[in-house]
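Q: Kindly return the folded structure for what I paste below:
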Amino acid sequence: MERKSKKASTIDEYIADYPADVQVIMNKIRAVIKESAPQAQERISYAMPGFYQNGMLVWFGGHKTFIGFYPTAEGVEAFQDQLSGYTITKGAVHFPLDKPMPYDLIRKMVRNRVEANTKKKGYGKK
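A: Numbering: from 1, shown residues only. Here you go, the predicted structure:
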């Protein structure tokens, strides 16, 4: 899967650069992230869609055969036991395009990142 252009300034532009079937998946991932972190700000970061709330939460990006989901190294480590069926790196998970997208797992990972960032920044303390 090749993107039409390499430089997007918004998440809408980024997603529009992909084939229609991949756009559906990316829009659903975006919706899951927004539902899980309603106060997060969207931004393009590292040339990918990123979400910021008390620090960076997660990114996602299209690749030829998978969607890369980047919940930071902490996010990957926190869900290590649930990621055994996927290719993972220190801070990334590869969700294959030819398999069902694990939206519930993405939801959990985003919520985990919101909680971690909130604790790190000291928000929510009394």
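Q: Let me know the secondary structure of Glu13.
A: helix (DSSP: H, G, I helix; E, B strand; the rest coil).
Q: Neighbours of it, how many?
A: Residues within reach of Glu13, counting by other CB atoms under 10 Å, total 13. Bear in mind the C-beta positions are built from the backbone N, C-alpha and C, glycine included.
Q: next one: Lys64
A: By other CB under 10 Å, the burial measure for Lys64, its neighbour count, is 7.
Q: in a strand, that's where it is, yeah?
A: No. Under three-state DSSP, Lys64 falls outside any strand and is assigned coil.
Q: Quick check: Pro19 vs Ile88, distance?
A: Per CB to CB, to the nearest Å, Pro19 is found 25 Å from Ile88.
Q: Looking at those two now, which is surrounded by more residues?
A: Between Pro19 and Ile88, counting by other CB under 10 Å, Ile88 is the more crowded of the two (16 against 13).
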